[in-house]
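**Q** Here's my sequence, what's the structure:
(one chain, ligands or ions: 1)
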Amino acid sequence: MVDRPRIRRFDIRAYLDERGVGYEEAGAPNVGDGYIGVNCPFCDDHRNHLGIHLETKRWKCWRCATSGDLFDLMRYFEPRISVDEYRERLRGRGSEGELSFLERVQEVMDPSPVARRISPSRKSRVPLPREFAYIDELSEPRFAHDPARLIGLRYLENRGFDMVTAVDFELGVCAIGPYMGRLIVPVQDEKGQQVGFVARDMSGKARVKYLVPPGFERTDYLYSIHRVVAGAELVLVEGVTDVWCTGDCAVATLSSALSPVQLRQIVSRRPLQVTIMWDGDAIAKAFRTAERIRPFVPRTRVVPLPFGADPASLGKGRVNQLLNGEGAHPQKI
Ligand SMILES: [Zn+2]
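**A** Modelled structure (predicted):
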């Protein structure tokens with residue numbers, strides 16, 4: 001259980017951000033040096049009494065005295081997490097480049113313990129929020145002036161998408177509730193069944209851009225994999241909007257890392273070519289990831305994007321040019 005260097009390296013802020021959990025830094029009321037403070041979920045606390053030590057990741061509530069380690073904390077957010085998965089998680093942050101060739105092959109060929117947890121019976125499925133409403137229902141007269149749906153559509157239009165995208169990707173909004181003001185993007189598994197969602201802030205003001213509902217393990221899925229034609233080219237992008245402007249050949253990791261489960265899903269589609277088109281500031285990661293994919297795919301390449309750019313910010317036309325090798329030189333591995 002003890003893996004101190006990896007626990008130290010573990011990015012607890014990112015972990016909490018991904019789950020939409022607010023925290024305060026040292027110096028804020030009740031938060032000591034070397035800690036971040038969150039509202040304790042074990043008592044009725046609203047003043048960040050639960051301190052998480054940034055190095056050891058041990059935590060304790062100064063109000064109700066509940067305490068534990070990083071694994072206990074993860075078990076609170078992800079009740080199904082096993083010790084193996086916990087270790088995998090520690091391994092996954094910051095150390096993917098250290099895998100040997102043999103380890104990389106084993107990761108796919110003998111994917112235990114990771115693969116064991118994704119047998120369909122054990123897969124978590126998080127339904128869409130109760131308040132969810134499809135944007136495309138604006139075409140129905142009784143919804144034609146629904147403000148929440150209209151805001152969703154305007155948001156898409158401002159980013160170069162339209163109703164076709166909303167229909168294609170079954171996008172929606174919530175007029176009330178914890179996901180109000182966010183674009184709800186349903187996530188499907190390889191068979192096209194909805195398994196979870198991500199909620200994108202539309203105001204540009206939220207501290208956390210993407211919210212992931214509790215219990216949805218997004219690294220178990222590749223967004224839009226069910227639309228990819230087997231035996232063709234597959235383009236790996238980071239975010240959902242990147243998929244919308246790249247086309248049906250694209251899948252998104254929903255982060256700038258490729259989990260072993262996601263790698264297996266790519267391999268199972270037997271693509272002729274995998275192109276990695278991650279954000280401009282993730283070039284090194286993209287090349288390392290290409291190395292992991294290379295043993296299983298005839299052709300692998302990285303299409304570097306300008307620093308600070310992602311496919312969605314470049315737009316459909318430019319993305320197509322880059323994929324076709326116009327105006328830039330895709331780098332063969
Ligand atoms: Zn407490």
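
**Q** list the contacts for the one residue in the stretch 201-333 of the chain that gets nearest to the ion?
**A** The nearest approach of the stretch 201-333 of the chain to the ion comes at P214, 18.5 Å away (CB to the ion). C-beta here means a position set from N, CA and C on the backbone, and glycine is covered the same way. By CB atoms under 8 Å, 6 or more residues apart in numbering, the residues touching P214 are R19, F77, E78, V126.

**Q** Then A230?
**A** Counting by CB under 8 Å, 6+ apart, A230 touches R269, R270, P271.

**Q** Isn't the first one up against V228?
**A** Yes. Taking CB atoms under 8 Å as the definition, R269 is a contact partner of V228 at 5.8 Å.

**Q** Of the contacts of A230, grab the buried ones for ChimeraX.
**A** A single ChimeraX command selects the buried members of the contacts of A230 (16 or more other CB atoms under 10 Å):
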select :269,271
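
**Q** May I see the contacts of A230 arranged in a markdown table, with secondary structure as well?
**A** Formatted as a markdown table, the entries for the contacts of A230 read as follows, by DSSP: H, G, I helix; E, B strand; the rest coil:
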| residue | secondary structure |
| --- | --- |
| R269 | coil |
| R270 | coil |
| P271 | coil |
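
**Q** Go back to the contacts of A230 and keep what's next to the ion.
**A** Applying CB under 5 Å from the ion to those, one finds that nothing falls near the ion.

**Q** got a pLDDT number for the residue of the stretch 201-333 of the chain closest to the ion?
**A** Confidence at P214, expressed as pLDDT, is 85.

**Q** cool, I7 as well?
**A** At I7, the pLDDT value in this model is 87.

**Q** could I get the helix or strand hosting it in CSV with only the CA atoms?
**A** Applying DSSP states H and E as the criterion places I7 in helix 4-9. Coordinates of each C-alpha in helix 4-9 appear next as CSV, following Å, rounded to 0.1, in the frame of the first residue of the first chain:
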residue,chain,number,x,y,z
ARG,A,4,5.4,7.3,-0.9
PRO,A,5,7.2,9.0,-3.9
ARG,A,6,4.1,8.4,-6.1
ILE,A,7,1.8,9.6,-3.4
ARG,A,8,3.9,12.7,-3.1
ARG,A,9,3.8,13.3,-6.8
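
**Q** just checking, next helix/strand downstream of that helix?
**A** Next helix or strand after helix 4-9 toward the C-terminus (DSSP H and E): helix 12-18.

**Q** Identify all contacting residues around that next one.
**A** With contact meaning CB under 8 Å, 6+ apart, helix 12-18 is reached by 22-23, 36, 38, 52, 54, 57, 70, 74, 207-208, 210, 212.

**Q** among these, which ones are buried?
**A** The buried subset of the contacts of helix 12-18 (16+ other CB under 10 Å) comprises Y23, I36, V38, I52, L54, K57, L70, M74, V208, Y210, V212.
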